[in-house]
Every structure is written in structure tokens, then in C-alpha cells.
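*Asks:* just need the structure, nothing else, for what follows:
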Amino acid sequence: MPQNFEIRVISLKNQLDRREKINNLFDNKNIRWSFFDAISGKDIQPFLRMYDRKKRLQTPGYDLRDNEIACFLSHRAVWQECLKENKSFLILEDDVSINTSLPRFLDSINNIIETVAENNLFIRLGNTFKKKYIKVHSINKNLNITRYYKDPYGGFGYLISPLIAKNLINNSNIFWTPVDDFLWRGWDHDSCLLDIWPSLISTSDIDNPSSIGDRKKPKISLFKKIKREFFRTIENNQKNTYQKTIISRIEKNEFNITR
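*Replies:* From the prediction side, this is the model:
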């Protein structure tokens, strides 16, 4: 089956071991793919005007790490490529593993793209944690599109159309969350992130050191905790309203994602 999408693998230039793994996976197999040279944490200074530190400190109560900001900027740059080239993109991080054979994996991606309408082609292929979901649509007897009740986290592999890329770009001129959180926040960017079950990819980031760095949250003062809870209440109301609307549409068969 012809490949009807582009593959971009986000990778820091100095991640030689990860790049070798990706090269071994994709090279010399008649697959269109390329690395996107990721922005590093030490190179974010020109972009810091885009980072809403005030809002970040209001809600979680602590800053994004430099590498988390760089990761967001790298994904955003690939969204811009997707929009410019006007093609569907499979965006991967360089620590992914494919859970099936490569030909079957590529066929599954093609089948998803051929089935799902452009305004809904925003589909994550794997996530970090197992959580409860509702089935949205069956691609075939072995592959389902789902919506999770709670974010299972993960931004290491997903499909987007140019239309979705445009939505993400237009709503991330200013950002304050890690990119995987942002992808889930449909109430912010008006694009509903769906998932594939069973997962087509997984990540080694759980067991190996992340290029983002230590994810341990810093301690914050009691005053900041009280202030944070106020803004979290507002956030949770937005999130819960959005999620209830999406799940209700799915249950009523009003969420038509096919072409």
C-alpha cells in the first residue's frame, strides 16, 4: 500500500543511540521519513516570549523545565511543517518502539488516514498509562479508535492532518503546559485528541532516562498551594465540561469521525 503520510521523528542531534535505532527501523525500506532536529533546552531564549510563566505558576505552581519548553517548541515546529506541506503527518519522538511488524504498522496508519475525516485526524498511537476508554470507531476487527475518560498521557507518537496542525499552531502562540498535556486540552485548541487501541507504539522513556530530564515536581509554599487550588478549580470546570460533552456525543453516536 502506498504511504499516504509523512513521518517526522523529533530528535536532538546529539542523541546518537536513539537516532541509530530509528535509522535501523526505517532506513532502506522504501519509507518516506526524516528527522526533525529538536530544539534543545539551551536554545530556548529567543522563544521565551511564548511561554506564559505567570499562568504556569498560577495553576501547577511551578515552572516548566527548559527542556519541556524546548520539547513543546519542537513539536510546534513540526506542526508548522505539516501545515506548510499540506499532508498528514505521523509525528514520533525518538524513543518509540513499534508494537507490531513494520509493514503492518504502516498499513494501519494508512487505514486510519483513509477512514478518518481530516477534521478528526488527531490520533495518538500509544500512551503512558492504561485508563478507561470508550470506543468511537472500529478501523477493522483488530484496531479501534477510542476516547479516554482521563488523559493517559503521552506525546511520543500521533497522527495529525494539516487542519489539526493549523488549530494547534493558532492556539499555541502562547503556551504554559508540556506538549503532551496541551494535546489533550481540546477545550483550549478545539481539536479532540483520540487514541488507538490496542496501542501501535510504546516508549522506552518510562524505563530509560528522559531527554527532558527529571520529572519530579518541586515543593511549593502553602500560599502558592492555596492560590493554585483556586485556578485549578477553574481549570477543572473547563476540563470536565468539555469531557462530558465529548463522551455524551460518542454515547449518542453523534461523534462521526469517518470520511
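*Asks:* top strand in this protein by residue count?
*Replies:* For the chain, the strand with the greatest residue count under DSSP state E is strand 133-140.
*Asks:* show me the shaky parts of the stretch 1-150 of the chain.
*Replies:* 1 (pLDDT under 70).
*Asks:* switch the cut-off to 90
*Replies:* Along the stretch 1-150 of the chain, segments meeting pLDDT under 90 span 1-3, 27-29, 57-62, 128-131.
*Asks:* which parts of it are strands?
*Replies:* Using DSSP state E, counting those that start in this stretch, the strands of the stretch 1-150 of the chain run over residues 6-11, 33-37, 89-93, 96-98, 122-124, 133-140, 143-148.
*Asks:* could you redo the ones you listed as a markdown table and give each row mean neighbour count and distance to residue 241?
*Replies:* Placement of C-beta: from N, CA and C, glycine included. Shown next, in a markdown table, are these (neighbours: other CB atoms under 10 Å; distance: least, CB to CB, whole Å):
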| stretch | mean neighbour count | distance to residue 241 |
| --- | --- | --- |
| strand 6-11 | 20 | 32 |
| strand 33-37 | 15 | 35 |
| strand 89-93 | 25 | 28 |
| strand 96-98 | 17 | 33 |
| strand 122-124 | 25 | 20 |
| strand 133-140 | 15 | 17 |
| strand 143-148 | 19 | 15 |
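*Asks:* including distance to residue 56, could the ones you listed go into a markdown table?
*Replies:* Output for the strands of the stretch 1-150 of the chain, formatted as a markdown table (distance: least, CB to CB, whole Å):
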| stretch | distance to residue 56 |
| --- | --- |
| strand 6-11 | 22 |
| strand 33-37 | 25 |
| strand 89-93 | 22 |
| strand 96-98 | 27 |
| strand 122-124 | 23 |
| strand 133-140 | 29 |
| strand 143-148 | 24 |
